[in-house]
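Student: here's a sequence, model it:
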Amino acid sequence: MKWPWRKKKPIYQPNEFHTIKRLEIFEKLQCLWPKLSPSSVFMADETYVLPSRAEVEKALQDSKIDKYVYTDELWDCDNYALLLHAYVIRKRYEDFRKGKLAKEQCYSLAFGQIWTDIHAINIALTYDEDILLIEPQTDEIRKAEKGLNITFIRI
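Tutor: Next comes the predicted model:
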């Protein structure tokens, strides 16, 4: 016998434009990091667009953020993460101005910064590979893992 109340509803309901609501993003993050507090996550918008991993890789390569030279305290991990996030925002706006976005996709990408207790990197929620962590200093992209001690996320 099947128990209908045990059937889990997927958190993210896919759609052709890959849009996702703020609450769905928080639920996805909290599934991975159950101790994540709502007060540690800042999302300015109600709706976001999930990019593909390929789009994230292209933004990372085009940004040239990894060309900056690490300088303890003056130019360190949080500066790299902030600059890459700003690049993604600016590029999205340029694509909008050039008419490259469908009306249904005129939202920010689900991309941001994630600060742990020891490091700051970037985060992207994608439609094809779920949650990715991006190291802008080295261009490394990896799937998000459990066990991070997150202090702040801004998307």
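
Student: only C-alpha atoms from now on, for both contacts and neighbour counts.
Tutor: Fine.

Student: skipping adjacent residues, who's closest to the residue nearest the centre of the chain in space?
Tutor: Geometric centre of the chain, nearest residue: Ala124, 2.4 Å, by Cα atoms, centre = their mean. Among residues not flanking Ala124 along the chain, Phe111 sits closest, at 4.3 Å (Cα to Cα, 6 or more residues apart in numbering).

Student: isn't the one you found up against Ile121?
Tutor: No - with contact defined as Cα atoms under 8 Å, Phe111 does not count as touching Ile121 (11.1 Å).

Student: could I get the full set of helices for this structure?
Tutor: Assigned by DSSP state H, the helices in the chain fall at 22-32, 53-63, 77-97.

Student: need the winner for burial among those helices.
Tutor: Mean neighbours per residue, mean count of other Cα atoms under 10 Å, is largest over these for helix 77-97, with a mean of 18.

Student: check which helices and strands it is in contact with.
Tutor: Judged by 3 or more Cα pairs under 8 Å, 6 or more residues apart in numbering; DSSP states H and E, the packing partners of helix 77-97 are helix 53-63, strand 108-109, strand 111-116, strand 120-126.

Student: 7 Å instead, please
Tutor: Where contact means 3 or more Cα pairs under 7 Å, 6 or more residues apart in numbering; DSSP states H and E, helix 77-97 is packed against helix 53-63, strand 111-116, strand 120-126.

Student: any chance of those in TSV with mean pLDDT and distance to Leu101 as columns?
Tutor: As requested, the helices and strands packed on helix 77-97 are exported to TSV (pLDDT from 0 to 100; distance: least, Cα to Cα, whole Å):
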stretch	mean pLDDT	distance to Leu101
helix 53-63	94	14
strand 111-116	96	17
strand 120-126	97	17
